[in-house]
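*Asks:* Give me a model of this one.
(one chain, ligands or ions: 3)
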Amino acid sequence: MSEKTLPIPPVVLDHPLVLHKLTRLRQASTSTAGFRRLTRELSLLMCYEATRDLVTEPVEIQTPLEKMEGQELSGKKLCFISILRAGNGILDGMLDLIPAARVGHIGLYRDHDTLEAIEYYMKLPDDVADRDCIVVDPMLATGHSAAAALDRVKAAGVKKIVFVCLLAAPEGVAWLNEKHPDVKIVTCAIDRGLDEKGYIRPGLGDAGDRLFGTR
Ligand SMILES: O=P(O)(O)OC[C@H]1O[C@H](OP(=O)(O)OP(=O)(O)O)[C@H](O)[C@@H]1O
Ligand SMILES: O=c1cc[nH]c(=O)[nH]1
Ligand SMILES: [Mg+2]
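*Replies:* Numbers count the residues shown, from 1 in each chain. Ligands and ions are numbered 1, 2, ... in the order given. The predicted structure follows:
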């Protein structure tokens, strides 16, 4: 009998700041500028959670008053991978917190009729296999885009991946858990479910259009 890997339970941020900012983000009356700013702020908070397992080592430093032992990051280097185009809204906040991280991009769009993910671009750093990766996309709806992106990242040799999104549908979580049970999902909320067009309900609408003002 084959052993099935148990999925890592998703981490849902329940911090009051996240609840407040996510509520503002969802509101239809929030402007493009406001949506972008809130996405960036929420990304900082999600980055904090997604990097919780980073390894540190002791380092001796001198404060203005005395020597002490501090801690500095010492584990594998990081790479952020943005699923275009809406992933770039999250990427900005992540890079505010970890400016030295490398960045990869995977271009995917959902076919409106089949809801399958269609790839149109990919560029990953040459040394991505030596890095831990955080893959970012605001929305985990059917999970097709995220699963396709993770297939590509794993094919490039990456071993440890966290997937970060603003909102998830239970259907997307189930799909990703099935396809990539070893990938931890970090999200601000898991909503009620998908509608007949594959939109997350109650959701926040089309994240890409709201970030870039394209509709
Ligand atoms: O889980 P799924 O059902 O695959 O849906 C989620 C995808 O849909 C959105 O992208 P979209 O295709 O609208 O592209 P965009 O970022 O260019 O707007 C979103 O940013 C995800 O990538
Ligand atoms: O609700 C949804 C689903 C997929 N993509 C979005 O931008 N929003
Ligand atoms: Mg879109």
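
*Asks:* Contact residues of this protein facing ligand 1?
*Replies:* With the criterion set to CB under 6 Å from any ligand atom, the chain comes near ligand 1 through 83, 85-86, 108-110, 115, 117, 137-146, 172, 198, 206-208. Any C-beta I mention is one placed from the backbone N, CA and C, and that applies to glycine too.

*Asks:* try it again with 5 Å
*Replies:* Applying CB under 5 Å from any ligand atom, we find that the chain lies next to ligand 1 at 83, 85-86, 109-110, 137, 139, 141-145, 208.

*Asks:* His144: how many residues sit nearby?
*Replies:* His144 has 22 neighbours, counted by other CB atoms under 10 Å.

*Asks:* Which residue is the nearest non-sequential neighbour of it?
*Replies:* What sits nearest to His144 in space, not counting adjacent residues and going by CB to CB, 6 or more residues apart in numbering, is Ala117, at 4.4 Å.

*Asks:* do you know how far that neighbour is from Thr142?
*Replies:* 9 Å (CB to CB, to the nearest Å).

*Asks:* Please identify every residue contacting each of these two.
*Replies:* Arg110 (CB atoms under 8 Å, 6 or more residues apart in numbering).

*Asks:* Next SSE downstream of the helix or strand Phe80 falls within?
*Replies:* Secondary structure assignment for Phe80, by DSSP states H and E: strand 78-84. Sequence-wise, the next helix or strand downstream of strand 78-84 (DSSP H and E) is helix 87-97.

*Asks:* can that following helix be found next to ligand 3?
*Replies:* No. Helix 87-97 lies apart from ligand 3 when judged by CB under 5 Å from the ion; the minimum separation is 10.7 Å.

*Asks:* so what does that helix touch, helix or strand wise?
*Replies:* On a contact count with 3 or more CB pairs under 8 Å, 6 or more residues apart in numbering; DSSP states H and E, helix 87-97 meets helix 32-50, strand 78-84, strand 102-110, strand 132-136, strand 161-168, helix 207-212.

*Asks:* May I have the fifth one as PDB, with CA atoms only?
*Replies:* It refers to strand 161-168. Output in PDB follows, covering the C-alpha atoms of strand 161-168 (Å, rounded to 0.1, in the frame of the first residue of the first chain):
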ATOM      1  CA  ILE A 161       8.100  26.000  -0.400                       C
ATOM      2  CA  VAL A 162       5.500  28.100   1.400                       C
ATOM      3  CA  PHE A 163       2.500  29.400  -0.600                       C
ATOM      4  CA  VAL A 164       1.200  32.900   0.500                       C
ATOM      5  CA  CYS A 165      -2.200  34.300  -0.500                       C
ATOM      6  CA  LEU A 166      -4.600  37.000   0.800                       C
ATOM      7  CA  LEU A 167      -7.700  34.900   0.400                       C
ATOM      8  CA  ALA A 168      -8.400  31.200  -0.100                       C
END
